[in-house]
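J.: need coordinates for the following:
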Amino acid sequence: MTVRRSAVVLAATAVIGTAVAPAALADDSSPAASTSPSTALPSGLYGTSDPTYDGVWRQSLALLAQYTVGVKPADKAVDWLTGQQCANGAFAPYRADATAKCGAKTMVDTNSTAAAVQALAAPGGHDDATGKALTWLKSVQNKDGGWGYTAGGASDANSTSVVIGALAAAGEKPGDVAKGGKSPYDALVRLSIPCAEDGGGAFAYQPDKKGGLAANEDATAAAVLGGLGKGLAATAGKASADATCQKADQPTPEQAAHNGAVHLAATLKDTSYLKSALAGAEDQPDYGNTADAVVALAAAGSADAAKQSLVWLEKNSADWAAKSGPAAYAQLILAAHATGADPRDFGGADLVKQLGATGPAAQTAGSSASPSATKDEQKDDEGDGVSVWWIVGVGLVGGIGIGFLLSGRNKKQQL
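T.: Okay, here's the model as predicted:
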């Protein structure tokens, strides 16, 4: 999933009957992604771009990626993340003054909260923080069993999946977390497209106004992990020799996840990468979504398809990651981790060293963090990566019931 790139823009373009909450961070190349905040950034934070819309997300991915490769992050990096938590357990994308109480205008969201849970659960020792976060997430679960980006927002595949990952990371059984008799798996299955229909096997981000489902590659990558009950740091699943969409009137979560992986593999077959499809823009490679797809395919046991796209990323993602920052490096590390590849020799690059250079030096001696690569040296290049998993104008969503998304992870709103 997850991932989510630096959030950039939500534009109100029409009034719709039900609020569609934002669930992704937008493209890092946009001007807003490189805007520096008016005050100095905390020394424990990864990345140098404005963290207003993605601080907790990128910090969580950076920590999680380091844990997967045996690197112990600096205490102040972990402390910064735990210090962002509100008293009710939720996380906002970023709180410049973490000593101030969270109020009604603090725009907390499920994605930041669930990502933080996964990061803090990985090393253990943060049960109080993760417990409070899960309590809040359960309190805002929708009656269909899923979650939207904001509390009360319509359920979407990405938000539901990242919360499933948080529940699993904390040792809970996602299927047992129900609201109105519906579990998050029920919500995901309802967003899977039947095999016989256009885009069969894929997942929709949300239904459109008429209840129709349109295939969304980003939502599909996220939902494959969710359907399997896995989080952002998933490992390879049991090899699957079945490359066909499994028809079923009521597919199980595992069947829906399998079908999603079949769809992703077919989509990636010719190009090895997923494409960006922002309205009005030319198709171009979507590196972040491709990395998410690699993790999903590996987790679903589609090793060959995952490897093909991983090789493409090894050859082509360097410039994107350098410009996008810590969350992008983390996504690539998680993709390598899921496929059993070496993130310290990723197309000749040491992703662990590159990620470490975007934040405070790690504690582990062998972490490959480069003390010479300071944040100031990277400031001009970095727009911070993705999960995704993402927001200017979030207040519009809760305030007037309008949500419009431009996402670098191609989380396309379906109207």
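J.: once you drop chain neighbours, what's closest to Asn216?
T.: Once flanking residues are discounted, Asn216 sits nearest to Tyr205: 4.5 Å by C-beta to C-beta, 6 or more residues apart in numbering. C-betas here are computed from N, CA, C, even on glycine.
J.: how many residues are close by that neighbour?
T.: 30 (other C-beta atoms under 10 Å).
J.: surely it meets Ala221?
T.: No. Applying C-beta atoms under 8 Å as the test, Tyr205 and Ala221 come out as separate, 11.3 Å apart.
J.: burial of Thr271, as a residue count?
T.: 14.
J.: how about Val295?
T.: 33.
J.: dump the residue contacts of it.
T.: Residues near Val295 by C-beta atoms under 8 Å, 6 or more residues apart in numbering: Ala221, Leu225, Leu232, Ala234, Ala306, Leu334, Ala335, Ala338.
J.: next: Ala303.
T.: Ala303 touches Ala236, Ala239, Leu297, Thr339, counting by C-beta under 8 Å, 6+ apart.
J.: tell me which of these fall in helices.
T.: Leu297, Thr339 (DSSP state H).
J.: of the contacts of Ala303, which is the most crowded?
T.: Leu297 (32 neighbours).
J.: right, and that residue touches Ala291 too?
T.: No. Leu297 lies out of contact with Ala291 (C-beta under 8 Å); the separation is 10.9 Å.
J.: just the strands in the stretch 51-200 of the chain please.
T.: In the stretch 51-200 of the chain, no segments count as strands under DSSP state E, counting those that start in this stretch.
J.: shaky segments in it?
T.: The stretch 51-200 of the chain contains no residues with pLDDT under 70.
J.: output the longest helix belonging to the protein.
T.: Under DSSP H, the chain gives helix 253-268 as its longest helix.
J.: whatever helix or strand comes next after it packs against which elements?
T.: Once helix 253-268 ends, the next helix or strand along the chain (criterion: DSSP states H and E) is strand 275-276. Identification of packing neighbours for strand 275-276 by 3 or more C-beta pairs under 8 Å, 6 or more residues apart in numbering; DSSP states H and E yields strand 284-285.
J.: partners of the strand it packs on, with directions?
T.: strand 275-276 (antiparallel) (DSSP bridges).
J.: so what's Ala349 scoring on pLDDT?
T.: Predicted confidence (pLDDT) at Ala349: the value is 98.
J.: neighbours of it, how many?
T.: What Ala349 shows, counting by other C-beta under 10 Å, is a neighbour count of 18.
J.: confirm for me that it is in contact with Ala318.
T.: Yes. The pair Ala349 / Ala318 is scored as a contact, 6.1 Å apart, by C-beta under 8 Å.
J.: which non-adjacent residue is nearest His297?
T.: Small correction: residue 297 is Leu, not His. That would be Ala306: by C-beta to C-beta, 6+ apart, it lies 3.8 Å from Leu297.
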